[in-house]
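*Asks:* Sequence first, predicted model second:
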Amino acid sequence: MQQPQFAFTDLKHILNEGWLEKQSRFLKQWKKRWCVLTETTFYTFELEKTYKDPTEIIQLHKAISIKTSEDETKVQNSFKIETNEQVFQFRPESREEKESWISSIGKAMVKISLKQQ
C-alpha cells in the first residue's frame, strides 16, 4: 500500500478527519470535502487522504468561535468556524459527527490559546 504524501508537516499529526459538506463562499452550494484537523490547522481537500492542494486552510489561532449553525443555515447538523475575516459552514451526516467535530476543533482552539498566553 502506498503511503500518503504530506504537503504540510502538521498533517503528520492528524487529530480528526472525514467527509463533511462545506458551503461555498459565493454560490452557497454544499460541496463534499475531505476535512482534516491537526493541532494547528483545519484543512479541506477534494479527495480522501490526498493531502495536497487543499481547497481551504483555516489557521486555528485565527478562529474566534466554533458552534452549531442550524438556525442560520436551516440545514440539519450544520456548524460554523468563524474567523475575523470569514465564516466557514460545514455539515456532517449525523448529529454525533457534528458534536465530535465541534468538540475536537474546540479543544484544539483552546490548546492554541493557552500556548499563546
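*Replies:* Noted; the coordinates are in hand.
*Asks:* need the strands for this protein, in chain order.
*Replies:* Secondary structure of the chain (DSSP state E): strands located at 14-23, 30-38, 41-45, 56-59, 63-68, 79-83, 87-91.
*Asks:* how about the ones you listed in TSV, adding mean pLDDT and mean neighbour count?
*Replies:* In short, each C-beta sits where N, CA and C put it, glycine included. Output for these, formatted as TSV (pLDDT from 0 to 100; neighbours: other C-beta atoms under 10 Å):
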stretch	mean pLDDT	mean neighbour count
strand 14-23	97	17
strand 30-38	97	18
strand 41-45	96	21
strand 56-59	95	14
strand 63-68	97	15
strand 79-83	98	19
strand 87-91	98	20
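*Asks:* And those: which comes nearest residue 105?
*Replies:* Distances from residue 105 to each of the strands of the chain were compared using C-beta to C-beta; the minimum, 5.0 Å, belongs to strand 63-68.
*Asks:* Nearest the geometric middle of this protein, what residue?
*Replies:* Computing the C-alpha centroid of the chain and ranking residues by C-alpha atoms, centre = their mean puts residue 42 first, at 4.4 Å.
*Asks:* How about that one, nearest residue that isn't a chain neighbour?
*Replies:* The shortest distance from residue 42 to any residue other than its chain neighbours is 4.2 Å, reached at residue 58 (C-beta to C-beta, 6 or more residues apart in numbering).
*Asks:* Now for residue 80: which residues touch it?
*Replies:* When the contact criterion is C-beta atoms under 8 Å, 6 or more residues apart in numbering, the partners of residue 80 are 65, 66, 67, 68, 69, 72, 87, 88, 89, 90.
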